[in-house]
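below is the sequence, then the predicted model.
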Amino acid sequence: MSVVPDVSRRDFVKTGGALVIGFALAPRVALAQGRPAPLPASLNTNRMLDAWLRIDPNGTVTIFTGKIELGQGIGTALSQIAADELDVDLQRIQVVSGDTARTPNEGQTAGSLSVEQSGTALRFACAEARDVLVSAAAAKLGVAAPGLTVSDGAVTAPGGATATYWELAGSAGLNREATAQTKPKPAAEHHWVGRSVPRRDIPKKFTGGAAYVQDIRLPGMVFGRVVRPPSPGARLRSVDEAAARRLPGVVAVVRDGSFLAVAAVREEQAIGAREALKRSARWTETVSLPPADEALYRHLMSLPVPGQTVSEKTSVTAAAPAKTLEALYTRPYQCHASMGPSCAVARWQEGKLVVWTHSQGVFPLRAELAKVFDMSPQDIRCIHAEGAGCYGHNGADDVVLDAALVARATGARPVKLQWMRDDEFAWEPYGSAMVMKLSGGIDAQGNVVTWSHELWSQSHNTRPGASAGVNLLAARHLATPRPLVPPADVPQPSGGSDRNAIPLYDFPNVKVVKHYIADAPIRTSALRTLGGYANVFALESFVDELAAAAGADPVEFRLRHLNDARARAVIEAAAQRAGWRPSAKGDGERGRGFAFARYKNLACYCAMAADVEVERKTGLVRVARVVAAVDAGQIVNPDGVVNQIEGGIIQSTSWTLKESVRFDRTQVTTRSWADYPILRFTEVPEVDVVLLDRPDERFLGVGEGAQGPAAAAIANALANATGKRLRALPFTPERVRRNLLQVDP
Amino acid sequence: MASFRLHVNGKTTTVSVEPGTPLLYVLRNDLELNGPKFGCGLAQCGACTVLMDGKPVRSCVTPVSAAANTRVTTIESLGTLERLHPLQRAFIEEQACQCGYCGNGMVMSAKALLDRNPGPSELEIKQALNGHLCRCASHNRIVRAVQRAAKEMRS
């Protein structure tokens, strides 16, 4: 089997007066000889050059990416990479992203993979396109290609004759399969990569520009709201639809099984009708949720889910442990808690559906919608528009189905449907609660000789496309429900529940076991780092516990167990920048902690030192300062990397000190910011980030690198400050106070 | 339904809506202003903040009837892409956001702060913005942006 384009390689098309080099997005699978040669990153699955870029006669370059802007600055970073390979000014680059009709399918924008996958693909595609354009210029100018130079898209011969990309656009065919034979530039020749170029998405965000899906206004558009069941197990018995239809402005009330929604001419009318429907709806609820608080973790550990060995390493030469420790760490369900509740715009026309969405994966979303509506994916177009930051799989995909279901009832009128705050808190898929049981032993010299990490976790990926069935919330409420089929765990080496559970340290005997709870009443999915946050919290806390048992300094203890030079370098850099004093003791109220991880054991390296202050009387913990060092391989945009790490540290501080979802045995009771406090300005630590640039190394994803180490550094600092270790997240004042009062056994 | 005369960003318009309609929906949907955002509808997050007679209010819980005959200012009137207000310029120069959804509220409350206190301390800035939530955690950049704007506006 081989993938061949469905357009002849030499074809190109003219559209709207502009010369658009032929566009072949949907390769068809045909019988052919052998397999296609592997190409780098996303180029391998989107193999045509013109799927990635287009040269326009008006002097612009449009790059196409399947990765979408989440406020992480990906549009800017990709444009820097393209501008460098093509030798054009950055201002000429336009970015089209996440549109099932126009861009490559790169799956989800997730896992800190956008620069690695899309950036690498664009780098090779643009390098090769430059070659094609230079060859075309050589032919036109009648000179040999090697003698030509390129400056901002102008190709110049030694004698001074010039041909521009913009003139060559029509004749230099990019409608060809990439070969990846053109070597991208060495770092020394980069002009844009490595510079803190200001992000292109920011100016409109501070001037009232239309920057978000929430800002889309279509002719005749009406406003939708959904009326969710009061609890995960609830079924709708009755509701006064007629009364709601009589309310001012209401154009549709949609009821399908337990799915209930409304559309109205004005937004406040839709909200009013939602309230009326809520009042008249009668639901049958079931006691279906697990116990809360400490009992939750006992419950998770008691489920009949056999352990699977993730990693096992044994040494016959290592000494037997002279001392062993065991500790249990827990993490509650936590919210994405996006600032803007999820929103989508949907329009049906002649049996075809167009949606505007802040989904992280427009292609998987389209496939899921096609299943629900029993249509061909070709008749559905999903177009990305930014939403509020999501940090993983929130309600972004779910709200699209809600909007599409409502828009079916409004005729040709498009529907903009935004969730209310309580919809988002009660129904977004949470980051899973987890239990991590660590045990380990040190020999007489204080070196780790045995290490075991056993974890219990629900799924960290119930996104569209993660499994058969339909992974969209409303689908399970319909009269003919399309159930969610429990997905398998994300496999190693990146891992899902077990992400970062395998230590990067050189311990001689290691065993990692996971209990993957595939199906559970509380819905969970990808929250920034998947299981990585909780696993690093546990692993790096336990490293400190063993270091203490060995009487060793935490930084020295880490270094003595690490051979990876880049890991050592970030640890040393963070310790140095923080002014780490070996074996310094806390004074009861102030302390300092250290932690390290390489995200997924595959992406960026990140080490940090955190300073905390504890008010012993109240148990209030304040993180005063965090110093981090990061190695993300070659850095495309230094300020972009710093922004991600800074934000990651502060967000993780919030998760670690404050956040947990509340529920009783029937309902999720977290419904507003009052129920789910997050870190505020006066509580935010000072953050200092050191970048270790490695311009000759490949890109390493950075967007999630800080979450785990920040939690562990805070935990270790708290233990350093007070001499009492806390192993249950979050570190709320009540829990800290209780822990301080506890007498050591 | 009732008619309300609104003075928004220096222009006077009349809208016919229910008196209890939150100002936010009139600004976003009738006046087609993108700046104020729906974040919670509960006055808890600050994304919808606008100025009413110079004071920051949460437009998601401010009935349009209360806004009539006041001067309403949204981020759109501070400056344009071509002629940025110092606060807008400072937020852009400090790259003081990731998603930016909270940014409207941050800028508008900072505007109210600098109008009454041109030289706020770091703590005063944090206290003035403490009722605003930011989930991407751009807090430190936002504080630096307000400091930068204050400096520029004083000079």
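Perfect, I can see it now.

tell me how many other residues crowd A:A488.
Neighbour count of A:A488, defined by other CB atoms under 10 Å in any protein chain shown: 13. The C-beta positions use only the backbone N, C-alpha and C, and glycine is treated the same way.

just the element for it, please.
Assigned by DSSP states H and E, A:A488 falls within no helix or strand.

pretty sure it contacts A:A468?
No. Counting by CB atoms under 8 Å, A:A488 stays clear of A:A468, with 10.6 Å between them.

point out where chain A drops to low pLDDT.
Scanning chain A for pLDDT under 70 picks out A:1-34, A:744-745.

can you tell me the closest non-neighbouring residue to the residue of it most remote from its centre?
For chain A, the largest distance from the centre (CA atoms, centre = their mean) belongs to A:G159, which lies 50.7 Å off. Closest residue in space to A:G159, ignoring its immediate chain neighbours: A:V143 at 7.7 Å, by CB to CB, 6 or more residues apart in numbering or on different chains.

would you map out the domains in chain B?
As given by automatic domain parsing, the domain ranges for chain B are B:2-77, B:86-154.

so which of those is the most surrounded?
domain B:86-154 (a mean of 22; mean count of other CB atoms under 10 Å in any protein chain shown).

show the end-to-end separation of that one, please.
One end of domain B:86-154 sits 10 Å from the other (CA to CA, to the nearest Å).

can you check the pLDDT for the residue positioned nearest the centre of chain B?
Nearest to the geometric centre of chain B sits B:M108, at 3.0 Å (CA atoms, centre = their mean). For B:M108, the model assigns a pLDDT of 98.

now name the helix or strand holding it.
helix B:103-116.

just checking, what packs against that helix?
Under the contact definition 3 or more CB pairs under 8 Å, 6 or more residues apart in numbering or on different chains; DSSP states H and E, helix B:103-116 sits against strand B:49-52, strand B:55-58, helix B:86-93, helix B:122-128, helix B:139-154.

any chance of these in JSON lines, plus mean pLDDT and distance to A:I383?
Listed next are these as JSON lines, based on pLDDT from 0 to 100; distance: least, CB to CB, whole Å:
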{"stretch": "strand B:49-52", "mean pLDDT": "98", "distance to A:I383": "29"}
{"stretch": "strand B:55-58", "mean pLDDT": "98", "distance to A:I383": "31"}
{"stretch": "helix B:86-93", "mean pLDDT": "98", "distance to A:I383": "26"}
{"stretch": "helix B:122-128", "mean pLDDT": "98", "distance to A:I383": "38"}
{"stretch": "helix B:139-154", "mean pLDDT": "98", "distance to A:I383": "30"}
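
out of these, which gets nearest to A:Y533?
Nearest to A:Y533 among the helices and strands packed on helix B:103-116 is helix B:139-154; the distance by CB to CB comes to 19.9 Å.

can I take it that A:R130 is in a helix?
Yes. Counting by DSSP: H, G, I helix; E, B strand; the rest coil, A:R130 is part of a helix.

neighbours of it, how many?
21.

would you check that it makes contact with A:V150?
Yes. Contact criterion CB under 8 Å: A:R130 and A:V150 qualify, at 6.8 Å.

can you pull the residues that touch both of those two?
By CB atoms under 8 Å, 6 or more residues apart in numbering or on different chains, A:R130 and A:V150 have these common neighbours: A:86-87.

just to revisit the earlier point, tell me which of the domains of chain B lies nearest to A:A426.
domain B:2-77 (13.5 Å).

just how off-centre is the closest one within its chain?
Mean-position distance between domain B:2-77 and its chain equals 10 Å (CA atoms, centre = their mean, to the nearest Å).

span of it from start to end?
26 Å.

and that domain, is it in reach of chain A?
Yes. Looking at domain B:2-77 against chain A by CB under 8 Å from any CB of the partner chain, the contacts come from B:17-18, B:21-22, B:25, B:28-29, B:32-35, B:37-42, B:44-45, B:47, B:74-76.

just give me the neighbour total for A:R200.
Around A:R200 there are 17 residues (other CB under 10 Å).

who's in contact with it?
Counted by CB under 8 Å, 6+ apart, A:R200 has contacts A:75-76, A:79, A:95.

center of chain A - which residue?
A:A110 (3.7 Å).

measure the nearest residue to that residue once chain neighbours are set aside to chain B for me?
Nearest-residue entry for A:A110: A:Q360, 5.7 Å, with adjacent residues in sequence omitted and distances by CB to CB, 6+ apart. Counting by CB to the nearest CB, to the nearest Å, the gap from A:Q360 to chain B is 13 Å.

what about the helices in the stretch 351-500 of chain A?
Under the criterion DSSP state H, counting those that start in this stretch, helices of the stretch 351-500 of chain A are mapped to A:362-373, A:398-407, A:421-427.

which one of these lies closest to A:G441?
That would be helix A:421-427 among the helices of the stretch 351-500 of chain A, by CB to CB, at 43.0 Å.

thinking A:P364 is in contact with A:G465, fair?
Yes. Using CB under 8 Å, A:P364 is in contact with A:G465, at 3.3 Å.

overlap in contacts, the two.
A:107-108.

now the end-to-end length of stretch A:231-241.
End-to-end distance for stretch A:231-241: 21 Å, by CA to CA.

which residues sit against it?
A:229, A:253, A:255, A:257-258, A:260, A:276-277, A:280-289, A:521-523, A:666-668.

for A:L401, grab the count of nearby residues.
29.

cool, A:E267 as well?
23.

same check, this time on A:A320
A:A320, neighbours per other CB under 10 Å, totals 11.

that one contacts A:D443, correct?
Yes. In this structure A:A320 lies within contact range of A:D443 using CB under 8 Å: 7.4 Å.

need the overlap of contacts for the two.
A:V449.

thinking again about what came up before, contact partners for the residue nearest to the centre of chain B?
Under the criterion of CB under 8 Å, 6+ apart, the neighbours of B:M108 are B:35, B:49-51, B:56, B:73-75.

and the closest residue in space to A:V736 that isn't next to it in sequence, how close does it get to A:A721?
Distances taken as CB to CB, 6+ apart put A:G619 closest to A:V736, at 3.6 Å, once the chain neighbours are dropped. Separation of A:G619 from A:A721 (CB to CB, to the nearest Å) stands at 12 Å.
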